[in-house]
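Asker: curious how this folds, go ahead:
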Amino acid sequence: MNQSATYPKWMFVVFPALAMMLGWGLRGHIGGGPYGAMIPGAMVALCLGLLLEMPVTAISILMVFGVFGIGMGGEMTYGQTLGFLRNPETVLWGTAGTTIKGAVWGLLGGTILSLGFFFNKIPKKTIIIAFLLMMVGMFAGFKLINDPMILYFSDPAKPRPESWGALLLGAVVLLIFLKFKTNKSTFKIIFRFAIYGTIGGGLGFGLGGFWMVLGSHLPEVIFKSWWKAMEFTFGLLLGASFGVAAWLSRKESVLQNLKENENITTEGYPIWKELTVVLFIGLLIFWLIPGSIELFTKTAIDNNIPGGTITNEIARLADNYAIAGLLFVLVLVRFPKAAWQIGITLTFCHAAIDMVRDYYPDTNTFSPFTMHFFWVLLMTGSVALLVSWFSRKENTSINLFLLLIWSCVAVSFLRMGIDPKTLSVDGSSFCQIVCGRFIVDIFFVVSAAAVSFILLRKFNGIA
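Answerer: Modelled structure (predicted):
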């Protein structure tokens, strides 16, 4: 029985749209940058894997490519671009900037995400070379577009290094290479996800930005979370676009064959090895690499390190999320059973790092002998143990999806304790409390409950 026929088209659209909307909102609330974008990347990949009825192991691998692909877009700066939307004289330029950056985010994200379907079909050497060439394309984009500010969407008076051109050329090089190195049916699906990602990302960020325009004309209303409304819209439309791509691809033989593959079980796989792998890769990307950059290049870590000197070029390359994504793939090649730990545990880890950093703002985050390090290790270690336990039980994908959702929502609520004043409701009306002060937190809970309901109602017992 082809059970995917029981999932109507609306499920392919609504489910990933809701999940990515939640993930995108959480990303902006508990951890920005590329590592924060791992949250919606993991969530949308889990949705697609469940809808396409992929085996548990295949879903875990797809999730790793999801956190890699969607995380890449987090390299782009867009705060000043959104600032243009508040000024009637620059609103069109700001809209052009958000649309282009959203489209590039979806283009590269969709390309890398879709590669996860074929991790065991394409030679590993080909995948690794593809990502190395992608980084070469990114370097060319920096030098040809972003560094000379050929098309610049930030404030010239307070310039910030941009990277959308780098990601665009990186995606183009990646697609060209895959066009010649994969068969027609495989590239058809990759290209479909790239195109629909481009459309969804462009519409999501471009249209979502108009919430900022609306907010600039409604300064006196109770609701003021226009930035969050933009993020929710971006995630909603990008998730829906990936869902449509999955719907159109559901009957492709190359994806149908995934259902026939046996799962690689974790039975007999030592837990200590699994935890050692995730501890090593976590320390490498969150601690050793950034600490080494600051130590040896004397360059402060920034999401958009400017290029120019040899030192800055080395720092920009080493700090780029593409390096972390490539490391994830290399770990998968050697330890495919660690995929759940990469996708769930490391995604949560950055959320914990971002929260604890705000609790201890003056702490040296690169010292292992601090409360910052202790709390991050304790929280992440707890999630890692839960991931290990659930990955060996029934309904693996469902339970781990729920773990990711509610652990991230829990972090969002723990952040309230950073500034206790935010919890004060003295003198506030019911509408001011619900529609103003806590509207985003309420939205998180409602969205998380909705996604959880769909998971338990539609998928429980089959994944």
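
Asker: low-confidence regions, the stretch 201-350 of the chain specifically.
Answerer: Across the stretch 201-350 of the chain, residues meeting the criterion (pLDDT under 70) sit at 259-268, 298-303.

Asker: what ranges do the helices span in it?
Answerer: When secondary structure is read from DSSP state H, counting those that start in this stretch, the stretch 201-350 of the chain shows helices at 210-217, 226-249, 253-256, 271-283, 289-297, 310-319, 321-334, 339-340, 346-359.

Asker: which strands and helices lie in contact with the third one?
Answerer: Read that as helix 253-256. Under the contact criterion of 3 or more C-beta pairs under 8 Å, 6 or more residues apart in numbering; DSSP states H and E, helix 253-256 touches helix 184-208. (C-beta placed from N, C-alpha, C; glycine too.)

Asker: just to revisit the earlier point, can you tell me which of the helices of the stretch 201-350 of the chain comes nearest to Lys143?
Answerer: helix 310-319 (9.6 Å; C-beta to C-beta).

Asker: any idea how far the closest one is from the middle of the chain?
Answerer: Distance of helix 310-319 from the chain centroid (C-alpha atoms, centre = their mean, to the nearest Å) equals 23 Å.

Asker: that helix: which residues count as buried?
Answerer: For helix 310-319, the neighbour count (16 or more other C-beta atoms under 10 Å) marks 313-319 as buried.

Asker: what about stretch 118-129, start to end distance?
Answerer: Taking C-alpha to C-alpha, to the nearest Å, stretch 118-129 runs 15 Å from one end to the other.

Asker: give the buried residues for it.
Answerer: For stretch 118-129, the neighbour count (16+ other C-beta under 10 Å) marks 118-119, 122, 127 as buried.

Asker: need the buried residues of helix 310-319 in CSV with distance to Gly200, can you?
Answerer: Shown next, in CSV, are these (distance: C-beta to C-beta, whole Å):
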residue, distance to Gly200
Glu313, 33
Ile314, 35
Ala315, 33
Arg316, 28
Leu317, 29
Ala318, 31
Asp319, 28
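
Asker: now, among those residues, which is nearest to Cys408?
Answerer: Asp319 (24.0 Å).

Asker: that closest one against Ile305, yeah?
Answerer: Yes - Asp319 lies in contact with Ile305 (C-beta atoms under 8 Å); the separation is 5.7 Å.

Asker: quick one: contacts of stretch 215-226?
Answerer: Applying C-beta atoms under 8 Å, 6 or more residues apart in numbering, the external contacts of stretch 215-226 come out as 85-87, 211-212, 214, 431-432, 435-436, 439-440.

Asker: again, 7 Å this time
Answerer: 86, 211-212, 214, 431-432, 435-436, 439-440 (C-beta atoms under 7 Å, 6 or more residues apart in numbering).

Asker: ok, back up a step: which one of the helices of the stretch 201-350 of the chain is the most hemmed in?
Answerer: Between those, helix 339-340 has the highest mean count of neighbours, a mean of 26, where neighbours are mean count of other C-beta atoms under 10 Å.

Asker: helices or strands up against it?
Answerer: Helix 339-340 sits against helix 56-72, with contacts defined as 3 or more C-beta pairs under 7 Å, 6 or more residues apart in numbering; DSSP states H and E.

Asker: quick one, what contacts Phe23?
Answerer: That one is not Phe; residue 23 is Gly. By C-beta under 7 Å, 6+ apart, the residues touching Gly23 are 39-40, 43, 235.

Asker: return the subset of those lying in helices.
Answerer: Among the contacts of Gly23, the members found in helices (DSSP state H) are 39-40, 43, 235.

Asker: can you list these in a markdown table and add distance to Phe131?
Answerer: Putting these into a markdown table (distance: C-beta to C-beta, whole Å) gives the following:
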| residue | distance to Phe131 |
| --- | --- |
| Ile39 | 22 |
| Pro40 | 21 |
| Met43 | 23 |
| Gly235 | 25 |
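
Asker: closest to Ala103 among those residues?
Answerer: Gly235 (15.1 Å).

Asker: the residue nearest to the closest one when sequence neighbours are not counted: what's it in contact with?
Answerer: Of all residues not flanking Gly235 in the chain, Trp24 sits nearest, at 2.8 Å (C-beta to C-beta, 6 or more residues apart in numbering). Residues near Trp24 by C-beta under 7 Å, 6+ apart: 40, 231-232, 234-235.

Asker: follow-up on the earlier one: PyMOL command for the buried members of the contacts of stretch 215-226?
Answerer: Here is the PyMOL command that selects only those of the contacts of stretch 215-226 that count as buried (16+ other C-beta under 10 Å):
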select buried, resi 211+212+435+436+439+440
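
Asker: returning to what we had before: and which of the ones in helices among the contacts of Gly23 is nearest to Lys101?
Answerer: When those are compared against Lys101 (criterion: C-beta to C-beta), the nearest one is Gly235, at 14.5 Å.

Asker: list the contacts for the closest one?
Answerer: Gly235 makes contacts with 20-21, 23-25, 40, as judged by C-beta under 7 Å, 6+ apart.

Asker: and the residues you listed, which of them are in helices?
Answerer: Counting by DSSP H, the contacts of Gly235 place 20-21, 23-25, 40 in helices.

Asker: now stretch 25-45 - C-alpha only, CSV.
Answerer: The C-alpha coordinates for stretch 25-45 follow below in CSV (Å, rounded to 0.1, in the frame of the first residue of the first chain):
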residue,chain,number,x,y,z
GLY,A,25,10.3,32.3,15.0
LEU,A,26,12.3,30.4,17.6
ARG,A,27,15.4,31.0,15.6
GLY,A,28,15.1,34.8,15.9
HIS,A,29,14.1,34.5,19.6
ILE,A,30,16.6,32.1,21.1
GLY,A,31,19.6,32.2,18.7
GLY,A,32,20.2,34.0,15.5
GLY,A,33,22.9,33.6,12.8
PRO,A,34,23.4,30.4,10.9
TYR,A,35,23.4,28.1,14.0
GLY,A,36,20.1,29.5,15.0
ALA,A,37,18.7,28.7,11.5
MET,A,38,19.5,25.1,12.2
ILE,A,39,16.1,25.0,14.1
PRO,A,40,13.8,25.6,11.1
GLY,A,41,16.2,23.5,8.9
ALA,A,42,15.8,20.5,11.2
MET,A,43,12.0,20.9,11.5
VAL,A,44,11.2,21.2,7.8
ALA,A,45,13.5,18.3,7.0
